[in-house]
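K.L.:
sequence and predicted model, in that order:
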Amino acid sequence: MPNSSILDRAIKNITPGIKTAIHINLSEGCVCAQQDKVSLLQRDGHFFRGYISLLLLSIIRKKEFEEQVYAEICAQIKAVTRNMPSDYKIRVDGHVHVHMIPGVFLAMCRALRDSGHEVEHIRFSAETISIYLKTPQIWKFILPINIVKTLITKFFSLIDKRILKQYGYEDKIGLFYGLGFAGKMHGEHVRIILDKYIEHAHREHKSLEVLFHPGGIQNGESFLSSCPDSYKKYYTSDDRIQEAKMVKRLYDIGY
């Protein structure tokens, strides 16, 4: 995350050849922009709003919200790119997929354009719902909350596609898989849908981004400042360990 206190050290430890992305964060930790420029987003220098709160702000205080999000995303991009080569190509996504909220997505695309760096990839967290609908044997593994998240994000993607076209970033996205089983990306059902996504990507001649969370916070390690309790429970969940094992298993069998 760009607002992590160990960002500089993390960048120095990046394994050569591995592509990394700027993980836009508007939900926890310290702000990167000047506090007076992001008054809607922070309290005492820390983010405090959840997804729904940010969404409502993007509607009822649209212009002010977009300007402040733009300022914060610019600061987060700069926090990363200042440590990168001048020809660094930006890949970007969003913490808890907040970047898919249209007001945030618009501000993000504007910030990317003004960054001075080429954009290589933008995570477009819109699942191909038909793949799930045609595979009834996996329905029991989908949590109700993930159905809601998938449908909301899919709806937002219809607006976001127009924004992509406005900024000329239509070719910077690919297919996305991982929201439908978010928090539970382990088990045979994950591989079943993955195989179908791979076939779909080949047919559509598109890249495929698969989202796992194969790591977490261990006992004794510190969280980001102002980390909500709900996030702490998720970061320490055994499911993240199981997702790490799933990634290794897929790698071992040739994915």
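P.N.:
Looks like it arrived, so ask away.
K.L.:
where do the helices sit along the protein?
P.N.:
Ranges of helices in the chain, per DSSP state H, are 7-12, 51-60, 62-81, 102-113, 129-133, 144-167, 188-204, 229-235, 238-252.
K.L.:
so what touches the first one?
P.N.:
Contacts with helix 7-12, where a contact means C-beta atoms under 8 Å, 6 or more residues apart in numbering, come from 1, 4, 79-80, 83-84. In short, each C-beta sits where N, CA and C put it, glycine included.
K.L.:
and G183, what does it touch?
P.N.:
Contact analysis of G183 by C-beta under 8 Å, 6+ apart lists 143, 146, 213, 234, 237, 239.
K.L.:
same check on G180?
P.N.:
Residues in contact with G180, defined by C-beta under 8 Å, 6+ apart, are 127, 132, 142, 146-147, 150, 193.
K.L.:
which of the helices of the chain is buried the deepest?
P.N.:
Using mean count of other C-beta atoms under 10 Å, the stretch among these with the greatest mean number of neighbours is helix 102-113 (a mean of 23).
K.L.:
got the angle between it and helix 144-167?
P.N.:
With axes from the mean of the first three to the mean of the last three C-alpha atoms, to 10 degrees defining the directions, helix 102-113 sits at 50 degrees from helix 144-167.
K.L.:
just checking, what packs against helix 102-113?
P.N.:
In terms of contact count using 3 or more C-beta pairs under 8 Å, 6 or more residues apart in numbering; DSSP states H and E, helix 102-113 is assigned the packing partners helix 51-60, helix 62-81, strand 90-94, strand 119-122, helix 144-167.
K.L.:
run the last query once more with 10 Å
P.N.:
Contacting helix 102-113 under the criterion 3 or more C-beta pairs under 10 Å, 6 or more residues apart in numbering; DSSP states H and E are the following elements: strand 22-24, helix 51-60, helix 62-81, strand 90-94, strand 119-122, helix 144-167.
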